[in-house]
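# This is a predicted model, with the sequence first.
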Number of protein chains: 2
Amino acid sequence: MPTNALPPNRDTIADAFRTLQDQICEGLEQFDEKGLFRQDLWRRDAGGGGRTRLIENANILEKGGVNFSAVHGPMPEKIAAALNLSAGEFFATGVSIVLHPFNPWVPIIHMNVRYFEMSNGTWWFGGGIDLTPHYVVPEDAVFFHQSLKNVCDHHDPEYFGRFKTWADDYFYIRHRQETRGIGGIFFDRLDGANHQTREQRFAFVLEVGQNFVPIYTELMRRHKDRSYGNLEKSWQEHRRGRYVEFNLVYDKGTKFGLDTDGRAESILMSLPPLARWTYDHKPEQDPEALRTQSLLVKGIDWAAGAPAVSA
Amino acid sequence: MPTNALPPNRDTIADAFRTLQDQICEGLEQFDEKGLFRQDLWRRDAGGGGRTRLIENANILEKGGVNFSAVHGPMPEKIAAALNLSAGEFFATGVSIVLHPFNPWVPIIHMNVRYFEMSNGTWWFGGGIDLTPHYVVPEDAVFFHQSLKNVCDHHDPEYFGRFKTWADDYFYIRHRQETRGIGGIFFDRLDGANHQTREQRFAFVLEVGQNFVPIYTELMRRHKDRSYGNLEKSWQEHRRGRYVEFNLVYDKGTKFGLDTDGRAESILMSLPPLARWTYDHKPEQDPEALRTQSLLVKGIDWAAGAPAVSA
């Protein structure tokens, strides 16, 4: 798409996101070998619709969704107020992914790429990709951040630093004073500022999306056969509890979707299959879990290499 | 307390709530036989503190909390804004309970009684008690609502109708278009309106609190030995998922506590030990679960008897 002769418009962007959804589902199915996505098509009364694709009880993936949507119509008042925009017609399209693996050593991953435009000519891209390991494996965190830095650096030398900090701030569970995971990149309202064209922004966002499969399959490959027991499974369930807390208390996309009467099953596909809460849980018998807790903080420069830590 | 010669003030109200917490913990421990509450005392930097009492892995109760707190100090700005109040000193005390039983036939129960006052003389009581059965047992729902109606009718013939409707509206999961459970009573800002004295309001709130143990022990007695299998356990975990959704997305006390930097572990003691999410879950093989789904609607007049339903 970015190499197309014509500049991208809402239709070509939606088409590219639809194709991205297909490619990601295929890539994940190929790697998982067992898992097949099921699809729910839905329509929005006021305009547009989506393709919700769900995977459950595959080989590596316990539960996950790869969703595409493209919706349009008169701007709902709540959305206009939330985004501080005037009324008019809007168009929004995007791909959203959350994957919860069985093996506690394989991380939870989330990605979103989206495009928004208004009838008055306003447009922007948003999105990001971030990792929530149940156990932080420093080598993985370095690999993940370096991969994202590479993608960013192809487009703008300032992107990675800005978007990495943005992710640290966004994926933060304030009431726990801990990050959701090891972050990644997060960006919003990437518009025509600084002489950026829609084509340039789109090329960046699409490259983020196209890197999802190679990055996550590498992480699955590293850990899918690693052995684990009840200790690790229990820790995974507790970490998933924190994931639920973040998504239901803080995540803007989730709040926004629920507030504007979005399709609840599609929005909440991000929730884990099974989550656990124990009062004041402290994983004293699990040194790897304790180390993970110490690494759920903002500002670690993973792209520069793993920090020195004491387990 | 209500028969005391002196009118209640913030200290006598806090004392009564503290005693209520003791009585409820004792009542539950006696009935459960195995379960013993552990206590965490905490202090609030700006004034006051609380006694968090937790029970985990008892005989009947899998996880639960019976919390008391009495806090005071300068009114935090966020609270003043949320309650539409002017600045000044505030005082707040209350007891909050959520209990999650092992047996899916025993319902989840929640109760809260609270008192709030400001240095400018403003005061009110709030609270309520509501039931979230994993499986709605109509006879239990009738017993529960009639018990609450009795309590209300001792104090004001208009209370039950108003507070029952309030509970239906409050304990509602809007994005699922279903009630959290079968409701109960909910009330807030019970102040000196309609010539009510603080003594009269307090007598009502205290009687709500004192009925908690007799009501819930009766419900435990009815179902604690009922057999169940994986089907019922899975349904219970899904219903707990909805409980999590309500508490993290809608519950004002939870939002308020997290927003104002309350003690996260005390606030989130309401979350279940284990919750499950399955995409678009439909319990087709569980007729009792299907019947329950049909009963999670507003406006059922349980106090008048069970509605005619087709399973």
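Here it is on my side, so go on.
# beta partners for residue A:118?
Residue A:118 has these beta-bridge partners by DSSP bridges: residue A:90.
# which residues does it contact?
With CB atoms under 8 Å, 6 or more residues apart in numbering or on different chains as the criterion, the residues that contact residue A:118 are A:75, A:85, A:88, A:89, A:90, A:91. For the C-beta atoms, the positions are set from N, CA and C on the backbone; glycine is no exception.
# how close does it sit to chain B?
Shown here: residue A:118 relative to chain B, a distance of 26 Å by CB to the nearest CB, to the nearest Å.
# quick revisit: can you tell me which one of the contacts of residue A:118 sits lowest on pLDDT?
Minimum pLDDT for the contacts of residue A:118 is recorded at residue A:85 (81).
# neighbours around that residue, how many?
Using other CB atoms under 10 Å in any protein chain shown, residue A:85 is surrounded by 15 other residues.
# what about whichever helix or strand residue A:67 is part of and chain B, touching?
For residue A:67, the element it lies in under DSSP states H and E is strand A:61-74. Yes: for strand A:61-74, a contact with chain B is found by CB under 8 Å from any CB of the partner chain, at A:63, A:65.
# which is the next helix or strand following that strand?
With DSSP H and E, the next secondary element past strand A:61-74 is helix A:77-83.
# Can you give me the neighbour number for residue A:159?
Neighbours of residue A:159 using other CB under 10 Å come to 20.
# How about it, nearest residue that isn't a chain neighbour?
Excluding the flanking residues, the one nearest residue A:159 by CB to CB, 6 or more residues apart in numbering or on different chains is residue A:152, at 3.8 Å.
# Checking my notes, that neighbour in a helix, right?
Yes: assigned with DSSP: H, G, I helix; E, B strand; the rest coil, residue A:152 falls within a helix.
# Narrow the contacts of residue A:118 to just the buried residues.
Among the contacts of residue A:118, those classed as buried by 16 or more other CB atoms under 10 Å in any protein chain shown are A:75, A:90, A:91.
# How about the secondary structure of residue A:204?
Per three-state DSSP, residue A:204 ends up helix.
# tell me the contacts of it?
A:125, A:151, A:152, A:154, A:155, A:156, A:159, A:190 are the contacts of residue A:204 under CB under 8 Å, 6+ apart.
# Kindly report the residues of the stretch 151-300 of chain A close to chain B.
A:174-176, A:237, A:241, A:244-245, A:248-249, A:255, A:258, A:261, A:264-265, A:267-269, A:271-280.
# Any idea which helix or strand in chain A has the lowest mean pLDDT?
Counting by mean pLDDT, DSSP states H and E, the weakest-scoring helix or strand in chain A turns out to be helix A:77-83, with a mean of 79.
# name the helices or strands packed onto it?
helix A:252-259 (3 or more CB pairs under 8 Å, 6 or more residues apart in numbering or on different chains; DSSP states H and E).
# What lies in contact with the next helix or strand after the helix it packs on?
Going down the chain from helix A:252-259, the next helix or strand is helix A:264-267, by DSSP H and E. Contacts with helix A:264-267, where a contact means CB under 8 Å, 6+ apart, come from A:40, A:42, A:50, A:52, A:65, A:67, A:69, A:253-254, A:257-258, B:175-176, B:279-280.
# give me the number of residues near residue A:10?
With other CB under 10 Å as criterion, residue A:10 counts 16.
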